[in-house]
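Peer 1: Okay, structure incoming, though there's no sequence with it:
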């Protein structure tokens with residue numbers, strides 16, 4: 001009778017040994033998976049952070065390039081104006097340009113249109129300080145940037161350009177009539193074209 005009991009104990013030990021080996025392998029597998037998973041999650045978080053930083057850096061560089069392009073475009077548009085593009089009402093005075101090839105050539109100088117960029121929180125004067133535009137805030141929306149600006153003149157009259165998008169026009173009257181057009185708006189500022197109306 002003792003032999004079958006010993007056999008049962010031996011079988012029992014063998015079964016427990018097999019289960020303990022399986023349990024050891026399972027624990028080892030779970031431990032390796034958790035280490036692999038935590039390192040994977042950590043590297044994914046680092047990649048996401050790097051991507052976000054790259055995106056914000058790229059966005060700010062794009063805004064800078066856009067503003068530089070706009071300044072370049074505005075400068076060259078103003079230079080490309082010539083007398084055939086202007087009406088007599090657009091010409092303040094003619095200046096005499098002297099050079100070696102043409103001794104007395106008249107060059108038309110436009111006086112009633114100015115285009116300038118105004119940074120957020122700053123003010124810029126137009127027409128020898130006759131008109132001031134202050135950009136109060138810029139808000140990004142799905143359709144682009146919206147601008148809140150204050151327009152004032154020497155007479156103290158203030159008019160607000162609220163929730164303005166690119167292409168918005170505001171008429172302002174003090175001692176002269178002005179037509180103010182929002183040409184461009186970005187993360188750091190906005191550009192305006194101001195024309196004196198007759």
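Peer 2: Nice, thanks for sending it over. Because the structure is predicted, anything quoted here is derived from the model rather than measured. Residues are numbered from 1 along each chain as shown.
Peer 1: Below-threshold pLDDT in this structure: ranges please.
Peer 2: Scanning the chain for pLDDT under 70 picks out 1-7, 9-16, 67, 69-111.
Peer 1: again, only this time at 80
Peer 2: For the chain, applying pLDDT under 80 flags the ranges 1-23, 25, 27-39, 41, 59-111, 155-156, 198.
Peer 1: What segments of this protein are strands?
Peer 2: 91-97, 105-110, 113-119, 123-126, 131-141, 144-153, 158-164, 169-173, 177-185, 189-197 (DSSP state E).
Peer 1: and residue 68, which of those strands is closest to it?
Peer 2: Among these, the nearest to residue 68 by CB to CB is strand 113-119 (10.3 Å). Heads up, the C-betas are built off the backbone N, CA and C, glycines and all.
Peer 1: How is this protein divided into domains?
Peer 2: Using automatic domain parsing, the domains assigned to the chain come out as 1-80, 83-111, 112-197.
Peer 1: related to what we said a few turns ago, residue 31: which of the strands of the chain is closest?
Peer 2: Judging the strands of the chain by CB to CB, what sits closest to residue 31 is strand 131-141, at 47.5 Å.
Peer 1: quick check: angle from the closest one to strand 144-153?
Peer 2: 160 degrees (axes from the mean of the first three to the mean of the last three CA atoms, to 10 degrees).
Peer 1: in the sheet, who's paired with the closest residue in space to residue 194 that isn't next to it in sequence?
Peer 2: Leaving aside its sequence neighbours, residue 194 sits nearest to residue 126 (CB to CB, 6 or more residues apart in numbering; 4.7 Å). Judged by DSSP bridges, the bridge partners of residue 126 are residue 131.
Peer 1: so residue 126 touches residue 112, yeah?
Peer 2: No. Judged on CB atoms under 8 Å, residue 126 makes no contact with residue 112 at a distance of 10.7 Å.
Peer 1: Specify which residue of those two has the higher count of neighbours.
Peer 2: Set residue 126 next to residue 112 and count neighbours by other CB atoms under 10 Å: residue 126 wins out with 23 against 18.
Peer 1: and that one, what does it touch?
Peer 2: 114, 116, 132-133, 194 (CB atoms under 8 Å, 6 or more residues apart in numbering).
Peer 1: Of the residues you listed - the most surrounded one?
Peer 2: Result: residue 133 is most packed of the contacts of residue 126 (other CB under 10 Å), 24 neighbours.
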